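In: I'll drop the sequence and a predicted model, then ask my questions.
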Amino acid sequence: MAKVELEQVIKAYGNLEVIHGVDLQFEHGEFVVFVGPSGCGKSTLLRMIAGLEEITRGELRIDGRRVNEVPAARRGTAMVFQSYALYPHKTVRENMAFGLKMARTPRDEINARVRDAAGTLVIDELLERKPRELSGGQRQRVAIGRAIVREPKVFLLDEPLSNLDAALRGQMRLELSRLHERIDATMIHVTHDQVEAMTLAERIVVLRDGRVEQVGTPRELYLHPANRFVAGFLGSPPMNFLDSRVVTSGDGWIECLAPGDLRLRVGVVRDPGVDGGGVVLGIRPEDLRLGRRDHGVVVSGRVVHMEYLGSVLYVHAECASEDGPTWRLVLMTKPDTRLQAGQSVEVTIDARTCHVFDGAGVSVTAFSRGEDSTTG
Ligand SMILES: Nc1ncnc2c1ncn2[C@@H]1O[C@H](COP(=O)(O)OP(=O)(O)OP(=O)(O)O)[C@@H](O)[C@H]1O
Ligand SMILES: [Mg+2]
């Protein structure tokens, strides 16, 4: 296990800067997930930690020691690549043993470590096969096994599950979590899949365009997104956003005018500034209610689309404004709800569940509910 620290880390290819001064700290044994859209710099950051990519400026420390100049093989890191990168002509056993052999590890030690790793990953039966004789999931396990035998202090995984089908991905997610409990390593896992990020991570780092948008537990990020980007990135279907205008404000609250002439009074930690133009209200699909409810304002709409997932139903409704364009909401409801496309519906928006983002997209929401809780 090791502590990993990045201080003002910058990466530039020639004149093109792609990572812009990233500060991050990870504790011994933490399971961290980097998530963000394609091209945001996830792999570049991981490769810099691994030593496969030079750090242009800033400092990388592992266990308190600067390692910028330390070659990859001596950083105590091991990386698993999306492409697996197994040697096709070597057996599973030889693939797993190769790195240790190069490091002149004694033969008995190699055998013992390969046996242990194979047991952990349930690939004991496959040790004499070649990679082409394995399924995608089995190859993935071998690639992980090859990293485990090196007993790294820091385990780096770059989209290791993205070539697998959905069922196998779910299974491998559980296996990675269990692996993390068993091995003594800090794990940094890269993905663009928010479900993978939410389910695996102890802490998530959300990246965008070479910058850190927010760091926190899955719960913190989902319940208290720091900005509109994080709010929209985590959650499926994504949060609804309503362009709104502040009409009045008081101590710790603002009243907004949203499309459809909706007036919503929401709690804020600071006044987003009436002069600064509009604000954006954010509402998660699971916080909207079909029909008229006690708390909140009611908006009328028409069902335009439904997605039935068995355990839940997503309803897309189009709402008309008095004078403006139509706007859409997506909400989550019970799967046995009887609805038809074209049908008129009423939707209740409870202001207590609304997020508020200022003109720059920064959250100013004051939460009155949904706090972290272990009981429920
Ligand atoms: N060798 C290179 N030369 C120039 N630019 C590069 C190079 N490698 C990566 N980049 C750029 O750096 C940025 C970050 O790339 P990176 O591969 O880290 O993204 P990513 O978040 O891993 O994306 P993906 O999800 O698609 O794998 C991108 O804009 C990419 O075009
Ligand atoms: Mg990548």
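Out: Nice, thanks for sending it over. Residues are numbered from 1 along each chain as shown. Ligands and ions are numbered 1, 2, ... in the order given.
In: where does whichever residue of the stretch 101-250 of the chain sits closest to ligand 1 fall, phi/psi-wise?
Out: Nearest residue of the stretch 101-250 of the chain to ligand 1: H192, at 4.7 Å (Cβ to the nearest ligand atom). In this view, the C-beta of every residue, glycine as well, is placed from N, C-alpha and C. Phi and psi for H192, reported as degrees, to the nearest 10, are phi -110, psi 0.
In: okay, now it: neighbour count?
Out: Residues lying near H192 (other Cβ atoms under 10 Å) number 17.
In: again, but for V246
Out: 22.
In: That one is in contact with C256, isn't it?
Out: Yes: with contact defined as Cβ atoms under 8 Å, V246 and C256 form a contacting pair (5.8 Å).
In: shared neighbours of the two, anything?
Out: Shared contacts of V246 and C256, defined by Cβ atoms under 8 Å, 6 or more residues apart in numbering, comprise V279.
In: Got the confidence number for the residue of the stretch 101-250 of the chain closest to ligand 1?
Out: Here the pLDDT value assigned to H192 is 90.
In: Contacts only, for it.
Out: H192 makes contact with 35-38, 42, 159, 162, according to Cβ under 8 Å, 6+ apart.
In: Please apply the same query to L288.
Out: 240, 329, 331-332, 347-349 are the contacts of L288 under Cβ under 8 Å, 6+ apart.
In: now the residues you listed in TSV, with secondary structure and distance to H305?
Out: Listed next are the contacts of L288 as TSV, based on DSSP: H, G, I helix; E, B strand; the rest coil; distance: Cβ to Cβ, whole Å:
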residue	secondary structure	distance to H305
N240	strand	14
L329	strand	11
L331	strand	12
M332	strand	14
V347	strand	14
T348	strand	20
I349	strand	19
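In: ok, and which of these reach ligand 1?
Out: Within the set of those, contact with ligand 1 (Cβ under 6 Å from any ligand atom) is found for no member.
In: Would you list the buried entries among these?
Out: Taking 16 or more other Cβ atoms under 10 Å as the criterion, what is buried in the contacts of L288 is 240, 329, 331-332, 347-349.
In: so which strand or helix has V345?
Out: strand 344-349 (DSSP states H and E).
In: Now the helix ranked longest in the chain - C-alpha only, CSV.
Out: Determined from DSSP state H, the single longest helix within the chain is helix 166-182. The C-alpha trace of helix 166-182 is given here as CSV (Å, rounded to 0.1, in the frame of the first residue of the first chain):
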residue,chain,number,x,y,z
ALA,A,166,-22.5,-6.1,-19.6
ALA,A,167,-23.0,-9.3,-17.5
LEU,A,168,-19.3,-10.0,-17.3
ARG,A,169,-18.6,-6.4,-16.5
GLY,A,170,-20.9,-6.6,-13.5
GLN,A,171,-19.2,-9.8,-12.3
MET,A,172,-15.7,-8.3,-12.8
ARG,A,173,-16.7,-5.2,-10.9
LEU,A,174,-17.5,-7.4,-7.9
GLU,A,175,-14.3,-9.3,-8.3
LEU,A,176,-12.3,-6.1,-8.4
SER,A,177,-13.9,-5.0,-5.2
ARG,A,178,-13.1,-8.3,-3.5
LEU,A,179,-9.6,-8.2,-4.9
HIS,A,180,-9.1,-4.8,-3.4
GLU,A,181,-10.1,-6.1,0.0
ARG,A,182,-7.6,-9.0,-0.3
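In: Good, wrapping up.
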